[in-house]
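S.K.: Provided below for reference: sequence and predicted model.
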Amino acid sequence: MAVIVAADDDPDLRLGVATMLRRAGHDVTMCADGGELVEEVRKRRPDVVVTDNQMPVMSGLQARVLLRQGQETADIPVVLATGSVTPQEATAVLGDGDQLVQKPFTRQELTEAVTAALRYAAAAA
C-alpha cells in the first residue's frame with residue numbers, strides 16, 4: 001500500500017481516481033486544485049502524487065515544479081493524469097520516474113502508472 005496525494009478540479013473525476021486507487025489498496029487523499037495539492041504533499045510526504053494539469057490556483061505542472069524545488073518533496077514521483085499534455089510535451093517536462101496517463105484513462109492504466117512510479121522511486125532510494 002502506498003500513500004498517494006491526488007488532485008483534480010472535477011469532483012466526479014476526484015471520486016473516480018480515489019475509488020480506483022483505493023481499490024488497488026492505496027491510502028489516498030484527494031485535493032481540488034494545485035495549491036491544495038502542494039500543501040497536502042508537504043504535510044503528508046506521500047509515496048506518489050497523481051495530478052491533473054489544468055486546475056484552478058495552480059496547474060499540475062506548476063505544482064510539480066514547486067515540489068521539485070523542496071528538499072523534502074523533490075524525489076516524490078508524479079503521475080500526470082491529464083488530457084491537456086501530449087506524450088511529446090510530457091517528455092519535455094516530466095522527470096525521471098514521472099509518468100503520463102492520458103484522459104480518459106482506465107483503472108488499469110492509472111494503477112500501472114502508479115506502480116511504475118513507485119518502482120522507480122524504490123530503485124532510486
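M.R.: It's in.
S.K.: what's next to stretch 83-97, contact-wise?
M.R.: 53-54, 61, 64, 68, 77-78, 80, 100, 102-104, 117, 120-121, 124 (CB atoms under 8 Å, 6 or more residues apart in numbering). (C-beta placed from N, C-alpha, C; glycine too.)
S.K.: tell me which helix or strand of the chain sits lowest on mean pLDDT?
M.R.: Scoring the helices and strands of the chain by mean pLDDT, DSSP states H and E places helix 87-93 at the bottom, with a mean of 76.
S.K.: which parts of that one are buried?
M.R.: Neighbour-count burial for helix 87-93, with 16 or more other CB atoms under 10 Å as criterion, is recorded at Ala90.
S.K.: ranges for the strands of this protein?
M.R.: For the chain, the strands defined by DSSP state E cover 3-7, 27-31, 48-51, 78-82, 99-102.
S.K.: make a PyMOL selection of the buried ones in the contacts of stretch 83-97.
M.R.: Under the burial definition 16+ other CB under 10 Å, those of the contacts of stretch 83-97 that qualify are selected in PyMOL by:
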select buried, resi 53+61+64+77+78+80+100+117+120+121
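S.K.: what's the farthest-apart pair in the contacts of stretch 83-97?
M.R.: Using CB to CB, these span at most 30.2 Å, a distance reached by Pro104 and Ala124.
S.K.: that older thread, the least confident helix or strand of the chain: how far from the chain's middle?
M.R.: 15 Å (CA atoms, centre = their mean, to the nearest Å).
S.K.: now stretch 103-122
M.R.: On CA atoms, centre = their mean, the centre of stretch 103-122 falls 9 Å from the chain's centre.
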